[in-house]
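Asker: Pasting the sequence and the predicted model now:
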Amino acid sequence: MHEPRFYRHWIKDSGLISFNVVVEQTDLYIRSRRNLKDKALNSVLKHRGSLEAYIGCHPLFLTTLDAYQAEDEAPVIVKEMARVSQLTGVGPMAAVAGAIAEAVGRDLLAFSPEIIVENGGDIFLKISTKRLVGIYAGQSPFTKKIALEIMPRETPLGIGTSSGTVGHSLSLGNADAVIVLSSSAALADAAATALGNIVKAADDIPKVIEAAQSIEGVGGVVAIVGDKMSVWGKMKIVPLD
C-alpha cells in the first residue's frame, strides 16, 4: 500500500509532462519534456533487479544500520550506496531512494534534456530553467511557505530529505525536515538521514550544521524543527506565494 504523495502537486513545472512509475516499494513521480513512462519502468526494473539480486546473496546489505563495504564486482548502484554509507556512517539502505531516483534520472537524460525524479521526498534533477522545489516540514509553520530555488548551472543535483515526524522512512531523530543538497542523490539521501538522526530538539540544529560541513560531498543543508530553521551552504530559500 502506497502513501498518497500529496506534496507532489504543490510546485507546478511549466513545460514538463508528469507521470508516475510504481514498482513495489519504489514510487517515482517523474517530470520530463515528454512521457517516458515505459523507459522509466524499464530503468526501475533494471536497477531494482540488480539491487535485489545483490541483497539475495548479501542480506546484511539490507539490514545493517552501519557503514558498509561493497565488493569491487558489486553492481554500480550497490557500490554507490556503500560509498555514501561510508561517508555518512549510516546503513546503505538509507540511500536507496536517492540512488534509484538518480539511476533512473540519468537513464532518462538520453531522451529528455530536463528530468526531475522524486522518490519519497528524495529528488534527482537536471533542468534547463530555474525551478522551485517546495519544502514540506510536517506541522512546522514553514510548510507550504518556502521553497528551494534551483538554477540550471547547479544541476545535475540530488536533494535528500529526512524527517522524524513525517513519513515511514526510518529516522532516529525528531526533525520536521533535514534537507541536503549534493551532486550525488544517494549521498544527499544518506546524509539527510545521518543528520536527521542528530536532532532530538530544536537546540540540536547547530549540531546538524556543524556535522554537515564534515561530510565530503554535501553542498548545503536546511534543518527545521517547529518554528526554528538554520541554513548552511549553497542553498537559496525563497518564499512561496
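Answerer: Happy to help now that I have it. Numbering: from 1, shown residues only.
Asker: Output the below-cut-off pLDDT ranges for the chain.
Answerer: For the chain, the stretches flagged by pLDDT under 70 are 1-14, 164-174.
Asker: Does the longest helix anywhere in it pack against any helices or strands, and if so which?
Answerer: Ranked by residue count under DSSP state H, the longest helix found in the chain is helix 37-57. Here helix 37-57 touches strand 17-23, strand 26-32, helix 60-63, helix 76-88, helix 96-108, going by 3 or more CB pairs under 8 Å, 6 or more residues apart in numbering; DSSP states H and E. The way it works is simple: take the backbone N, C-alpha and C, and place the C-beta from them, glycine included.
Asker: what about 6 Å?
Answerer: strand 17-23, helix 76-88, helix 96-108 (3 or more CB pairs under 6 Å, 6 or more residues apart in numbering; DSSP states H and E).
Asker: quick one, which of those is packed in tightest?
Answerer: helix 96-108 (a mean of 27; mean count of other CB atoms under 10 Å).
Asker: That one: how far from the chain's middle?
Answerer: 10 Å (CA atoms, centre = their mean, to the nearest Å).
Asker: next structured bit after it?
Answerer: Remark: after helix 96-108, the chain's next helix or strand is strand 115-119, criterion DSSP states H and E.
Asker: List the contacts of V23.
Answerer: Contacts for V23 (CB atoms under 6 Å, 6 or more residues apart in numbering) come out as V44.
Asker: What's opposite it in the beta bridge?
Answerer: For V23, the beta-bridge partners under DSSP bridges are T26.
Asker: count of residues packed around N119?
Answerer: Neighbour count of N119, defined by other CB atoms under 10 Å: 27.
Asker: going forward can the numbers begin at 58, since that is how I track them
Answerer: Sure, I'll start numbering at 58, so the last one becomes N176.
Asker: correct me, but it touches A160?
Answerer: No. With contact defined as CB atoms under 6 Å, N176 and A160 do not form a contacting pair (10.2 Å).
Asker: which residues touch stretch 89-105?
Answerer: 74, 76, 78, 80, 83, 87, 134, 157, 160-161, 164-165, 168-169, 171-172.
Asker: Could you work out the most separated pair of those?
Answerer: Distance extremes for the contacts of stretch 89-105: the farthest pair is I74 and I134 at 25.8 Å, using CB to CB.
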